[in-house]
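Novice: Please find the sequence and the predicted model below.
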Amino acid sequence: PVDETLLDDPKEVKPYDFRTANKFSKEQIRTLHFIYDNYASRLSTYLSGTLRTLCEVEVLSIEEQTFSELSNSMPSPVVVSIINMPPLQGSSLFVISSAVSYEIVSRLLGGTGEMQALDKAFTEIEISIMERVIRKVLSLMGEAWERIIKTNIQLDRIETSSQYVQIVSANEPIAIITMNVKIGSVSDIINICIPNVAVQPISKKLMMKTWYSEQHISKQTTNTREL
């Protein structure tokens with residue numbers, strides 16, 4: 001029997017829809033934190049050196065959403081890179097806000113940043129400049145993944161509108177890695193979207209316990225060879 005006193009307290013009873021149960025385990029989310037905290041450090045160093053100003057990158061959150069939630073909340077214009085991360089399956093997204101994108105472009109062209117017209121469309125030259133930067137930061141992401149699994153991350157294409165980035169069905173669960181990027185006085189967001197279907201081929205690898213176990217075995221093997 002249900003305790004009727006609980007039904008009167010909305011803080012105690014919450015509706016639960018089993019159709020939207022989390023697909024990413026807590027352990028997988030922790031492993032993604034491990035990967036992208038590492039990536040944030042690498043990205044901070046790269047941007048600071050390339051843009052010649054202090055840049056700070058940190059992971060704000062890693063949450064599970066549906067793809068439609070991401071798509072509906074995506075601003076326009078925005079720099080969206082469709083990327084492939086084999087052995088991950090299918091495509092993932094690397095989304096850079098217009099504020100961060102224009103700041104990068106401005107500083108690479110010798111400006112001081114702090115561009116205000118964030119709602120204007122990107123030009124072909126600006127997209128070309130961002131493409132070179134994106135290819136480099138994707139290689140850094142591959143390095144951050146290496147402690148879990150080797151992946152050769154490749155840029156498929158760049159879009160500036162969410163309507164052209166339907167990589168999975170609207171209800172597909174995705175992990176959203178939200179990173180805050182601070183370049184000088186400008187601060188905004190980079191989002192990385194990894195669909196649940198993409199991690200299925202490596203689901204057992206995406207566990208910190210598995211990684212620590214493999215590292216221990218590898219260390220034992222090395223020590224045995226030395227003997």
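Specialist: Nice, thanks for sending it over.

Novice: Which of the helices or strands spans the most centrally placed residue in the chain?
Specialist: Residue closest to the mean C-alpha point of the chain, counted by C-alpha atoms, centre = their mean, is Ile192 at 2.3 Å. Using DSSP states H and E, Ile192 sits in strand 186-195.

Novice: right, and the helix or strand after that strand?
Specialist: By DSSP H and E, the next helix or strand past strand 186-195 is helix 196-199.

Novice: Show me the contact partners of that next one.
Specialist: By C-beta atoms under 8 Å, 6 or more residues apart in numbering, the residues outside helix 196-199 that reach it are 23-24, 28, 85, 88-92, 168, 172-175, 206. In this view, the C-beta of every residue, glycine as well, is placed from N, C-alpha and C.

Novice: let's see 10 Å
Specialist: Here helix 196-199 makes contact (C-beta atoms under 10 Å, 6 or more residues apart in numbering) with 22-24, 28, 31-32, 64, 67, 84-85, 87-92, 167-169, 172-175, 203, 205-206.

Novice: Among the residues you listed, the buried ones, what's the PyMOL command?
Specialist: To isolate the buried members of the contacts of helix 196-199 in PyMOL, using 16 or more other C-beta atoms under 10 Å:
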select buried, resi 23+24+28+31+32+64+67+84+85+88+91+92+167+168+172+173+174+175+206
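
Novice: Just the ones in helices from the contacts of helix 196-199, please.
Specialist: 28, 31-32, 67 (DSSP state H).

Novice: hmm, which two among those residues are most spread apart?
Specialist: Spatial extent of those (C-beta to C-beta) is set by the pair Thr31 and Phe67 at 21.1 Å.

Novice: Closest one to Thr112 out of the ones in helices among the contacts of helix 196-199, please.
Specialist: Nearest to Thr112 among the ones in helices among the contacts of helix 196-199, counting by C-beta to C-beta, is Leu32 at 35.0 Å.

Novice: can you tell me how far that closest one sits from Ile158?
Specialist: From Leu32 across to Ile158, the span is 24 Å (C-beta to C-beta, to the nearest Å).

Novice: mind listing the strands for this structure?
Specialist: Taking DSSP state E, the strands of the chain run over residues 55-66, 79-84, 91-96, 154-159, 173-183, 186-195.

Novice: Make CSV from those and add distance to Arg147 and mean pLDDT to it.
Specialist: Below are those laid out as CSV (distance: least, C-beta to C-beta, whole Å; pLDDT from 0 to 100):
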stretch, distance to Arg147, mean pLDDT
strand 55-66, 16, 96
strand 79-84, 19, 96
strand 91-96, 19, 97
strand 154-159, 20, 96
strand 173-183, 16, 96
strand 186-195, 17, 96
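
Novice: Would you check how far apart Ile129 and Thr53 are?
Specialist: According to C-beta to C-beta, Ile129 and Thr53 sit 17 Å apart.
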